[in-house]
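Asker: Could you look at this predicted model? Sequence included:
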Amino acid sequence: MKVRLVLILAAATAALALIAAGCGGGGDSSGGDPASVVPADSSVFVDVVLQPEGDLQANIEALAKDLAGIDDLGALIVEELENGAAPGEEADFEKEIQPWLGEDAGISLQGYDGEDFSGYVVAVATTDADAAQKFLDENEEDVVDKGSYEGADYTVEDDGTVGGIVGDFLVVAENEESFKAAVDASDGDSLADQDAYTSAADAAPAESLANVFVDVGGLIEEAGGTIDAEAEQFLELSGIEPKDATALASVVPGSNRIEIDFATNLVGEDPPTGDPSQLLGSLPGGAFAAFATTEFGSRVSEAIDQLDENGIPGELEPNELKSALKSKGIDLDQIGGSIKDLGAFAQGNTERNLGGAVVMTASDAEEAQNTVANIGLLLRSSDTPGVTAIDEDGISGFSIRDADDLGEQPLVVAAKDDKIAISYGPVAAAAALTAGKSATLAENPAFKKAGEALGDTPLSGFIAGPATVALVENLLSPEEAAELEEVRPLLDKIEYLAVGTGSSGDLATSKLVLAFSE
């Protein structure tokens with residue numbers, strides 16, 4: 001039965017959505033929302049545009065041609081789908097499906113047990129429900145049973161798959177129970193009627209090709225309502241309540257890039273704010289990867305306060321952490337209060353010279369020195385061996401050398417001006433603390449493009465494509481590197497990966513852009 005063909009069509013993400021782009025439009029556009037015919041308890045829902053138009057269509061076609069050399073991707077996908085029909089069957093997309101195919105399709109998953117889902121519903125918008133019904137009627141080779149529920153007729157295949165028309169949608173479900181749930185949803189108790197979904201869906205960009213909604217709390221509840229104890233404690237310390245959390249990811253194609261937007265309320269009481277791009281741009285220009293975040297110190301202070309207030313069962317009594325360390329001259333409030341932002345970078349092109357550092361900014365140079373001194377006190381109080389003082393070229397701090405645990409190079413903790421660096425080896429520390437004396441990331445042309453690509457979203461992460469690919473090749477064996485030749489044309493086109501973070505209302509937002517050279 002060719003219901004499976006429709007399932008493949010609807011389950012596709014960006015690539016299969018190109019069918020309409022390559023073949024031309026179907027009938028009149030359908031304004032139906034696939035979420036209106038999937039169960040309200042869907043913990044995962046994917047909404048896909050099947051009929052891209054305008055700039056979206058043009059961008060998709062440009063990506064297919066530039067990255068894969070495909071002049072007519074739509075025709076190619078149709079050919080593959082038709083060739084995928086069961087032996088003895090003939091499939092004709094243009095005659096059998098295109099005339100009634102609507103603009104959107106949705107896929108919902110329910111019944112998560114911690115490993116797998118026990119039910120799915122696929123809803124494909126139609127422009128002609130009667131034509132879609134005719135398609136079902138003419139493809140009944142594998143039908144073993146028929147039925148009707150609340151006025152919706154359906155067929156059952158030999159593998160239990162159920163297909164039928166529900167309103168203006170062709171619905172394919174894993175079993176009769178899931179199909180009936182879709183019919184019930186169409187009567188007004190669907191995912192589209194849930195505030196958690198609509199609030200997340202409102203954050204989706206208008207130009208997206210596909211959106212993936214995840215009810216994090218729903219997944220936890222379906223899996224038994226529990227999460228790992230350590231993970232739960234970490235989330236509590238961060239002020240995060242995962243059982244009420246949702247997330248949305250959206251795929252937005254560009255002519256020479258792929259963008260993925262995220263929005264979630266899986267954050268603490270206050271979503272992240274600030275612009276980390278200034279710290280990011282001050283990191284060494286030779287870094288192939290770097291990231292930065294603002295308000296790191298305040299988040300550390302909040303986590304310490306929570307940990308001190310609650311304690312650790314069996315290890316630390318409430319209100320004991322701060323007082324115990326303070327009696328040894330270590331002021332956790334002072335450490336957290338002095339730190340502002342945090343960044344990190346990695347540099348090198350071989351295993352031998354690979355290195356990097358974590359960089360923190362302090363309120364001023366004095367606070368930076370005091371913070372390093374407090375970290376040193378903390379280490380000495382724990383009897384950490386191999387600690388040696390550092391004081392040269394305006395850089396002060398200490399190194400920790402332990403050949404058994406750290407290898408050939410020491411761990412370095414040092415400060416200069418208002419910056420603190422924690423690195424593996426002195427070279428990375430010096431690069432982090434004296435970056436202004438040489439090229440910085442802000443002077444890297446690809447870094448500048450990355451910031452522009454994100455628009456109003458502050459740049460918080462950057463990976464240079466060519467340098468990263470070169471490093472990966474140098475880390476691989478000759479045999480492993482040879483296997484990359486199959487994707488060499490694509491790898492050579494990767495210019496950069498940019499990551500931006502921000503907030504919108506009570507949502508934390510982020511944007512990822514993978515850019516390709518023209």
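Answerer: Cool, the structure landed.

Asker: tell me the helices in the stretch 51-200 of the chain, going along the chain?
Answerer: 54-68, 73-83, 93-96, 129-137, 176-186, 195-201 (DSSP state H, counting those that start in this stretch).

Asker: Can you give me the distance of Q369 to V387?
Answerer: For Q369, the distance to V387 equals 17 Å [CB to CB, to the nearest Å]. All C-beta atoms are positioned from the backbone trio N, CA, C, and that covers glycine.

Asker: from memory E495 sits against F447, does it?
Answerer: No. Shown here, E495 and F447 do not form a contact pair, counting by CB atoms under 8 Å, at 10.9 Å.

Asker: Name the residue most distant from the centre of this protein?
Answerer: S327 (43.2 Å; CA atoms, centre = their mean).

Asker: Residue ranges in the stretch 351-500 of the chain under the pLDDT threshold?
Answerer: Applying pLDDT under 70 to the stretch 351-500 of the chain flags residues 402-407, 435-437.

Asker: one step back: confidence-wise, which of the helices of the stretch 51-200 of the chain is weakest overall?
Answerer: Ranked by mean pLDDT, the helices of the stretch 51-200 of the chain end with helix 73-83 at the bottom, a mean of 61.

Asker: top helix in the chain by residue count?
Answerer: helix 365-381 (DSSP state H).

Asker: That one packs against which elements?
Answerer: helix 332-338, strand 355-362, strand 387-392, strand 395-400, strand 411-416, strand 419-424 (3 or more CB pairs under 8 Å, 6 or more residues apart in numbering; DSSP states H and E).

Asker: So which bits of stretch 299-308 are buried?
Answerer: By neighbour count on 16 or more other CB atoms under 10 Å, the buried set for stretch 299-308 is 299-305, 307-308.

Asker: Average pLDDT for that stretch, rounded please.
Answerer: 77.

Asker: centre of the chain versus it, how much separation?
Answerer: On the basis of CA atoms, centre = their mean, to the nearest Å, stretch 299-308 sits 27 Å off its chain's mean C-alpha point.

Asker: what do you get for stretch 176-195?
Answerer: Put simply, stretch 176-195 sits 28 Å off its chain's centre (CA atoms, centre = their mean).

Asker: that older thread, so E495 and F447 - more neighbours on which side?
Answerer: F447 (24 against 20; other CB atoms under 10 Å).

Asker: D41 is in contact with Y112, isn't it?
Answerer: No. Using CB under 8 Å as the test, D41 is too far from Y112 to be in contact (10.3 Å).

Asker: where along the stretch 401-518 of the chain do the helices fall?
Answerer: 403-406, 426-433, 445-453, 465-475, 478-483, 488-493.

Asker: where exactly do the helices run in the stretch 201-350 of the chain?
Answerer: 216-222, 229-237, 277-281, 296-310, 321-326, 332-338.

Asker: Tell me which of those approaches S503 most closely.
Answerer: Evaluated over the helices of the stretch 201-350 of the chain, closeness to S503 peaks at helix 296-310, with 13.9 Å, by CB to CB.

Asker: so of the helices of the stretch 51-200 of the chain, which one's packed in deepest?
Answerer: Mean neighbour counts were taken over these using mean count of other CB atoms under 10 Å, and the top value, a mean of 21, falls to helix 176-186.

Asker: which residues are in contact with that helix?
Answerer: 36-40, 110, 119-121, 123, 147, 149-150, 152, 154, 156, 160, 162-164, 166-167, 169, 171, 173, 191 (CB atoms under 8 Å, 6 or more residues apart in numbering).

Asker: I appreciate the help and will end here.
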